[in-house]
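Enquirer: sequence and predicted structure below; questions after.
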Amino acid sequence: MAKGRKKITVWQGFLAGSVLSLGVYLAGLLLTTLLLVKGTLPEGGSVPAVAVLCVLSTLAGGVLTVRLTRRRAGGVLTAILFLFVLVLAGLGFWEEIAWLGHGGILMLCGLAGGLLAGAAMPKVRRRRN
């Protein structure tokens with residue numbers, strides 16, 4: 001183990017990645033809302049902007065989780081956890097989700113970000129003693 005590097009548990013890595021993805025997503029939603037209100041972003045461009053934001057947020061959280069836990073599946077699991085929170089929030093506020101409309105597209109974009117995070121991790125070779 002390298003000097004100065006604190007060993008963390010797997011659940012702490014997942015928690016850090018999930019909090020980062022939710023933070024990036026909320027900050028991006030605030031920026032997207034500001035651009036919509038100012039008229040810089042047209043109203044028709046809001047769904048593609050949120051889809052890109054969903055990919056970027058799960059990618060950021062997934063990469064952090066993969067780097068902290070050294071598990072390639074951590075990116076996808078973080079994306080699933082992030083999307084679970086989004087589904088719960090959607091059901092809590094609107095009591096329904098349009099799965100065949102924009103809701104399904106956002107779920108696929110979130111999973112794509114998690115897959116990209118897992119693919120970004122180089123394969124770690126273990127030394128044999």
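Expert: Great, that's in hand. Numbers count the residues shown, from 1 in each chain.
Enquirer: contacting residues for the residue most central in space within the chain?
Expert: Nearest to the mean C-alpha position of the chain, by Cα atoms, centre = their mean, lies Thr58 at 1.5 Å. Applying Cβ atoms under 8 Å, 6 or more residues apart in numbering to Thr58 gives the contacts 21, 75, 78-79, 82-83, 109-114, 117. Using the backbone N, CA and C atoms, a C-beta is placed for each residue, glycine as well.
Enquirer: just the ones of those in helices?
Expert: 21, 75, 78-79, 82-83, 109-114, 117 (DSSP state H).
Enquirer: Gly44: which of these is nearest?
Expert: Cys109 (17.3 Å; Cβ to Cβ).
Enquirer: the closest one: neighbour count?
Expert: Residues within reach of Cys109, counting by other Cβ atoms under 10 Å, total 21.
Enquirer: likewise for Leu36?
Expert: 15.
Enquirer: which SSE is it in?
Expert: helix 10-38 (DSSP states H and E).
Enquirer: list the buried ones in that helix?
Expert: 13-18, 20-22, 24-25, 28, 32 (16 or more other Cβ atoms under 10 Å).
Enquirer: which one of these sits closest to Lys38?
Expert: Thr32 (10.9 Å).
Enquirer: rewinding a little: now the contacts of Thr58 in TSV, with pLDDT and distance to Lys38?
Expert: Shown next, in TSV, are the contacts of Thr58 (pLDDT from 0 to 100; distance: Cβ to Cβ, whole Å):
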residue	pLDDT	distance to Lys38
Ser21	94	26
Gly75	85	34
Thr78	89	32
Ala79	88	31
Phe82	88	28
Leu83	87	29
Cys109	87	25
Gly110	86	27
Leu111	87	31
Ala112	89	29
Gly113	88	27
Gly114	87	32
Ala117	86	32
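Enquirer: reformat those residues as TSV; add distance to Thr40.
Expert: Formatted as TSV, the contacts of Thr58 follow (distance: Cβ to Cβ, whole Å):
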residue	distance to Thr40
Ser21	25
Gly75	32
Thr78	31
Ala79	29
Phe82	27
Leu83	28
Cys109	22
Gly110	25
Leu111	29
Ala112	26
Gly113	24
Gly114	29
Ala117	29
